[in-house]
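Engineer: this one's structure only:
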Ligand SMILES: Nc1ncnc2c1ncn2[C@@H]1O[C@H](COP(=O)(O)OP(=O)(O)OP(=O)(O)O)[C@@H](O)[C@H]1O
């Protein structure tokens, strides 16, 4: 459904030193720095997938979303989505996609939400009966009824984000691009947004491409991750694959009868120790969990043991370090 092949994009950014002298000089002679936002990026996405597009600040995520939604023309490469080239076939293409930029609004600030929705209905030429049906569903599932007549500028961030998501779906697109949809939301709103994304994917088969810095979004939603760093695609695979490759550390917390001697497990590191509790970090590529537990029980009389895998956030930090991004 989505094929991106060898997409590259470089921005020329004007260099200007501070001060009036340099401001005047720049009127006659401008110097530019080239910023390589995307370098030979390729991937494909099948219908019905939820793909998490992650990477540190400035990695090129928004640039990719802009290319895929037809806002930006790349310097090189092919992008075919449902048979369209986004930046060439814009009028036909936009009927098939919905886009939410968490940091920007597609709604009109001074008018009530419902009027923005009606404007979008006209822009996308949605038949009245179909619009009514979709709107009823969106108002219900995103809990919008109490804010439909409020001007957008008076909405809280969470309320606005729910309206943005509804706005992007009024024309029933089959692909949804979400650029940081949960940014700045409270825990309850985040969960509501995640739940809704999951639901439209399951119920309506909408393909979702999601950029986020929130790893809980990724864990809750994405079956697959694309990791980008410095404009280059570095990882394309499942969350489980990511854990298998980078998340080999486990933390063992052991409670035991009082024991004066600190614990020692060959190959593992002791994160903290008291006469009653030890927290140990084990790299399962070096030491098997069963070996660590056997060694533990030979040194102390165990009361309780818990084993925690590495949080996905730590794994991502480890990946960023490994790829030097
Ligand atoms: N319109 C533009 N003009 C010049 N440079 C740009 C422009 N848009 C993006 N860039 C640069 O391209 C690079 C990639 O930016 P992009 O916004 O795609 O990153 P991102 O991964 O979305 O980052 P973030 O997580 O901070 O939103 C950055 O170095 C950015 O400064």
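Structural biologist: Noted; the coordinates are in hand. Remember, it's a predicted structure, so these values are computed and weren't measured experimentally. Numbers count the residues shown, from 1 in each chain.

Engineer: can we go C-alpha only for contacts and neighbour counts from here?
Structural biologist: OK.

Engineer: can you give me the neighbour number for residue 185?
Structural biologist: 16 (other C-alpha atoms under 10 Å).

Engineer: so who does it touch?
Structural biologist: Applying C-alpha atoms under 8 Å, 6 or more residues apart in numbering to residue 185 gives the contacts 157-158.

Engineer: if you set the cut-off to 6 Å instead, what comes out?
Structural biologist: For residue 185, the residues meeting the contact criterion (C-alpha atoms under 6 Å, 6 or more residues apart in numbering) are residue 158.

Engineer: geometric centre of the protein: which residue is closest?
Structural biologist: residue 212 (2.5 Å; C-alpha atoms, centre = their mean).

Engineer: for that one, which non-adjacent residue is spatially closest?
Structural biologist: Nearest non-adjacent residue to residue 212, counting by C-alpha to C-alpha, 6 or more residues apart in numbering: residue 180, 4.6 Å away.

Engineer: quick check: that neighbour touching residue 211?
Structural biologist: Yes: Residue 180 is in contact with residue 211 according to C-alpha atoms under 6 Å; the separation is 5.3 Å.

Engineer: interface residues of the stretch 51-200 of the chain facing the ligand?
Structural biologist: By the rule C-alpha under 6 Å from any ligand atom, the part of the stretch 51-200 of the chain lying against the ligand is 56-63.

Engineer: now a ChimeraX select for only the buried ones of those residues.
Structural biologist: Burial among those is assessed by 16 or more other C-alpha atoms under 10 Å; the matching ChimeraX selection reads:
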select :56,59,60,61,62,63
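
Engineer: restricted to strands, list the residues of the stretch 51-200 of the chain next to the ligand.
Structural biologist: Using DSSP state E, no member of these falls in strands.

Engineer: pick out the most distant pair among the residues of the stretch 51-200 of the chain next to the ligand.
Structural biologist: 56 and 63 (13.2 Å; C-alpha to C-alpha).

Engineer: which stretches in the stretch 201-325 of the chain count as strands?
Structural biologist: 207-211, 224-229, 232-238, 249-256, 269-273, 277-283, 302-309 (DSSP state E, counting those that start in this stretch).

Engineer: helices of this protein, start to end?
Structural biologist: Using DSSP state H, the helices of the chain run over residues 20-28, 61-68, 90-93, 113-124, 128-141, 157-169, 187-204, 215-221, 239-246, 289-299, 312-322.

Engineer: now those helices in TSV, with distance to residue 74 and mean pLDDT?
Structural biologist: TSV is the format used below for the helices of the chain (distance: least, C-alpha to C-alpha, whole Å; pLDDT from 0 to 100):
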stretch	distance to residue 74	mean pLDDT
helix 20-28	27	78
helix 61-68	7	94
helix 90-93	14	90
helix 113-124	25	94
helix 128-141	34	92
helix 157-169	24	91
helix 187-204	28	90
helix 215-221	27	88
helix 239-246	29	79
helix 289-299	49	93
helix 312-322	26	79
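
Engineer: residue 257 is nearest to which of those?
Structural biologist: Using C-alpha to C-alpha, the helices of the chain put helix 289-299 closest to residue 257, at 10.8 Å.

Engineer: for the closest one, name the packing helices and strands.
Structural biologist: The helices and strands touching helix 289-299, judged by 3 or more C-alpha pairs under 6 Å, 6 or more residues apart in numbering; DSSP states H and E, number zero.

Engineer: name whatever forms a beta bridge with residue 9.
Structural biologist: Using DSSP bridges, the bridge partners assigned to residue 9 are residue 38.

Engineer: residue 30: neighbour count?
Structural biologist: When counting by other C-alpha under 10 Å, one arrives at 12 neighbours for residue 30.

Engineer: once you drop chain neighbours, what's closest to it?
Structural biologist: Nearest to residue 30 is residue 14, by C-alpha to C-alpha, 6+ apart, at 6.7 Å.

Engineer: how about the strands of the stretch 201-325 of the chain in CSV, adding distance to residue 112?
Structural biologist: What follows is the strands of the stretch 201-325 of the chain, written out as CSV (distance: least, C-alpha to C-alpha, whole Å):
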stretch, distance to residue 112
strand 207-211, 27
strand 224-229, 37
strand 232-238, 41
strand 249-256, 51
strand 269-273, 55
strand 277-283, 54
strand 302-309, 47
